[in-house]
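[1] What would the 3D arrangement of this be:
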Amino acid sequence: MSRRLRVLTWPVHGSYMTYLSRVPVDWYLPVNARRQGMYGGRWSEWPDNVHEVPVDDVKRTRFDAVLFQHRDNWVDDQWSLLSAQQRRLPRVYLEHDPPREHPTDTRHLVDDPDVLLVHVTHFNELMWDSGATPTRVIEHGVTIPEGTRYSGELQRGITVVNNITTRGRRLGADIFADVRDNHEVPLDLIGMGWRQAGGIGEVQLTDLPEFISHYRFFFNPIRYTSLGLAVCEAMRTGLPIVGLATTEMVRAIENGVSGFVDTDVETLVERMRELIADEKLARKLGEGARRRAEEMFSIDRFAKDWLDALTEVVGSRTLERVA
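    Okay, here's the model as predicted:
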């Protein structure tokens, strides 16, 4: 198509939407009077191709496609917000997470051969039962501020998890506490809800790479979720990664090259102590993590993958209407 696509979506994860805004389409975000949650509107740092549309105007606005990013968008919002004609537009569902109810036998709520189901990791696609819905994997793409590089002078590890205490075992609250408190590994935690977990604060997305660049390593205690953007950004900054050998982590991190992954927490504790004691080793692994991130999480590749997916979905629906 010669003109830019117009896509309606709900920004479920602000950090992901930051990178999604790099895709050269016009994004439209519904906003309501309360401006909360998925209806909170655009962030000031997002580029001009991200627009707000009042909820009362959505049915009168022309879109080329609809991108769903949350169960509520699919189950409720499309029926209350969209017109019947808009519900027949090309549709894409972006699944951010692996299945929760059962790791292998959970059927995805979208079961429609006319909808494209996009997963953010190959692990997620592997675990979901997608039925007749066509799927595609679009891996993360991340950027960091120009000139930000790993220094690692702090002989401590850094963990970045939002609301770790309320999200419990799945996000590794118990593992983080055990490593820090019982094994006495010097670890700092940042993210929303940091006070409850004894963390040190919350850092803005734009300031995160510079903030973490001074730590010796990045520790990811998460048992079961998608590959977090914080891990990708830490790799891109040049931090060696230590984490559990679960989900997509085993594909992103190679032992002895970009960090260490294992299912034995005691082994990980030993590796953290090695990194604290050996700055040269930490720098070597951090450089390996940076190279891997450049290969795996290119923002240009990410933007192209998304543009290709949206263009193909809109194009195939157009051909169907013509036929």
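[2] Let me see the contact set for P221.
    Contact analysis of P221 by CB atoms under 8 Å, 6 or more residues apart in numbering lists T159, V161, L171, G172, A173, I175, F176, V179, G243, L244. Any C-beta I mention is one placed from the backbone N, CA and C, and that applies to glycine too.
[3] After the helix or strand that the first one is a member of, which helix or strand is next? Please name it.
    Assigning secondary structure by DSSP states H and E places T159 in strand 154-160. Next helix or strand after strand 154-160 toward the C-terminus (DSSP H and E): helix 164-167.
[4] if we look at the next helix or strand after that next one, which residues are touching it?
    Sequence order places helix 173-177 as the next helix or strand after helix 164-167, per DSSP H and E. Helix 173-177 is contacted by residues 159, 161, 164-165, 167-168, 187, 189, 197, 219, 221, 223, 244, 265 when judged by CB under 8 Å, 6+ apart.
[5] Give me the distance from helix 173-177 to the chain's centre.
    21 Å (CA atoms, centre = their mean, to the nearest Å).
[6] helices or strands next to the helix or strand following it in the packing?
    The helix or strand immediately downstream of helix 173-177 is strand 187-190, counting by DSSP H and E. Here strand 187-190 touches strand 154-160, going by 3 or more CB pairs under 8 Å, 6 or more residues apart in numbering; DSSP states H and E.
[7] Using CSV, list the CA coordinates for the strand it packs on.
    Extracted in CSV, the C-alpha atoms of strand 154-160 (Å, rounded to 0.1, in the frame of the first residue of the first chain):
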residue,chain,number,x,y,z
LEU,A,154,29.4,-1.8,41.3
GLN,A,155,30.1,-5.2,42.9
ARG,A,156,26.4,-5.9,43.0
GLY,A,157,23.7,-7.5,40.9
ILE,A,158,20.6,-5.7,39.7
THR,A,159,17.1,-7.1,39.3
VAL,A,160,14.3,-5.3,37.4
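[8] in that strand, what counts as buried?
    L154, R156, G157, I158, T159, V160 (16 or more other CB atoms under 10 Å).
[9] Kindly report the same for stretch 296-307.
    Taking 16+ other CB under 10 Å as the criterion, stretch 296-307 shows M296, F297, S298, F302, A303, D305, W306, L307 as buried.
[10] Let me know the average pLDDT across that stretch.
    Taken as a whole, stretch 296-307 has an average pLDDT of 98.
[11] what's in contact with it?
    Counting by CB under 8 Å, 6+ apart, 19-20, 22-25, 138-143, 232, 235-236, 252 sit against stretch 296-307.
[12] domain ranges for this protein?
    Domain assignment for the chain by automatic domain parsing gives 6-141+299-322, 154-296.
[13] and G147, which of those domains is closest to it?
    Among the domains of the chain, domain 154-296 comes nearest to G147, with 9.1 Å by CB to CB.
[14] Show the end-to-end separation of that closest one, please.
    Its start and end residues considered, domain 154-296 measures 27 Å (CA to CA, to the nearest Å).
[15] what does stretch 55-75 give?
    Using CA to CA, one end of stretch 55-75 lies 17 Å from the other.
[16] How far does it sit from its chain's centre?
    The answer for stretch 55-75 is 21 Å, by CA atoms, centre = their mean.
[17] Quick check: mean pLDDT of that stretch?
    In the prediction, stretch 55-75 has an average pLDDT of 97.
[18] buried ones in that stretch?
    Residues V58, F63, D64, A65, V66, L67, F68, Q69, H70, N73, W74 are the ones in stretch 55-75 that count as buried (16+ other CB under 10 Å).
[19] Go ahead and confirm V58 touches L81.
    Yes - taking CB atoms under 8 Å as the definition, V58 is a contact partner of L81 at 5.3 Å.
[20] tell me, what's touching the two both at once?
    P30.
[21] Pull the contacting residues for the closest residue to V25 other than its chain neighbours.
    Sequence neighbours aside, L5 is the residue nearest to V25 in space, at 4.3 Å (criterion: CB to CB, 6 or more residues apart in numbering). By CB under 8 Å, 6+ apart, L5 lies in contact with V25, D26, D64, A65, L310, T311, V314.
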